[in-house]
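Peer 1: Just need the structure, nothing else, for what follows:
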Amino acid sequence: MRQIRREAYGDDIGQHSWVVKSDLESDVAKLQLTNACHLLDLGCGSGGVLAFVVGLTGCHGRGIDLSAPAITAARTRAASLGLGEEISFRQADLNQPLPYPNGSFNAVICLDVILHLSDRFATFLEINRILIPGGIFLFTDAGVITGAVSADEFRLRADRGFTQFVPPGLNERVLKDSGFEIIEVIDRTPSLLRTAKGRLDARLAHERELKDMEGATNFEREQQYLGVVVELSQRRALSRMIYLAQARTV
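Peer 2: The predicted model follows:
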């Protein structure tokens, strides 16, 4: 799987979904993190992204995810990198109030997770609560509808479980309604397309090994999922956007 990540993403930092190192480095610079800052990764998965950011900036990291196996893997990763003191992880349902006091963090990141949460307004309110005044929230949403999408395509694209697709402008409105000032919105669909193609091709190149690991049915299901992601991205029917916002100080 490390080999597939290298082939798919170009750089293997233990990332998930559509995260690429070059984009992440650019985005993290906007958070202005120092060794005195506290960062929360909402939906941290196995901790690769958070470990990379902490190693890059020297900040204190916290990760939260619903998956118990992912949290176990994240703790193992942090320890193996010598970051056990700088990073901690906990398992929790991201659709519930976040288990942190008010003003706990300088910044929150949430990469390719928002579309899988049931109520983004409630989530954004919680993120605003746990940020310090003026704190930064950065998230990506790969489910912004920017063209015609068929019912079958929606069904295939929602293969990862509960998924909400939203029209352009909705995230901006919900951010403002939940107490944020929008700093920047960037279209990251081109990098998603490169990554999806890379994952599709890398998996095909290792078809025999992956079928032994996953089974033929699961292998084909994943290929079909990646195929529809590529198709929707090429048509610009579904876009991946990144949002940078600041908690209002008043």
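
Peer 1: show me the residues around residue 154 that make contact.
Peer 2: Going by C-beta atoms under 8 Å, 6 or more residues apart in numbering, residue 154 touches residue 165. From N, CA and C alone the C-beta is placed, and that goes for glycine too.

Peer 1: What distance do you get for the spatially most central residue of the chain to residue 171?
Peer 2: Closest to where the C-alpha atoms of the chain average out (C-alpha atoms, centre = their mean) is residue 111, at 1.8 Å. Going from residue 111 to residue 171 by C-beta to C-beta, to the nearest Å gives 14 Å.

Peer 1: Also residue 219?
Peer 2: Counting by C-beta to C-beta - residue 219 and residue 171 are separated by 33 Å.

Peer 1: Starting from the helix or strand hosting residue 108, tell me the next helix or strand along the chain.
Peer 2: Assessed by DSSP states H and E, residue 108 sits inside strand 105-110. Reading on from strand 105-110 to the C-terminus, the next helix or strand found by DSSP H and E is helix 120-130.

Peer 1: returning to what we had before: from what I can see the residue nearest to the centre of the chain touches residue 139, true?
Peer 2: Yes: in terms of C-beta atoms under 8 Å, residue 111 counts as a neighbour of residue 139; the distance is 6.9 Å.

Peer 1: Now do the strands in this protein.
Peer 2: 38-42, 60-65, 87-91, 105-110, 131-145, 180-187, 238-247 (DSSP state E).

Peer 1: Of all the ones you listed, which one comes closest to residue 212?
Peer 2: Among the strands of the chain, the nearest to residue 212 by C-beta to C-beta is strand 60-65 (27.7 Å).

Peer 1: Give me the residues contacting the closest one.
Peer 2: 35, 37-45, 47, 50-51, 53-54, 71, 74, 83, 86-92, 94, 98-100, 105.

Peer 1: If we use 7 Å, what do you get?
Peer 2: Contacts to strand 60-65, defined as C-beta atoms under 7 Å, 6 or more residues apart in numbering, come from residues 37-45, 47, 50, 53-54, 71, 74, 86-92, 94.

Peer 1: Averaged pLDDT, it. What do you get?
Peer 2: In this model, strand 60-65 has a mean pLDDT of 97.

Peer 1: from the chain's centre, how far out does that strand sit?
Peer 2: Put simply, strand 60-65 sits 13 Å off its chain's centre (C-alpha atoms, centre = their mean, to the nearest Å).

Peer 1: what comes up buried for that strand?
Peer 2: When burial is assessed from 16 or more other C-beta atoms under 10 Å, strand 60-65 yields the following buried residues: 60, 61, 62, 63, 64, 65.
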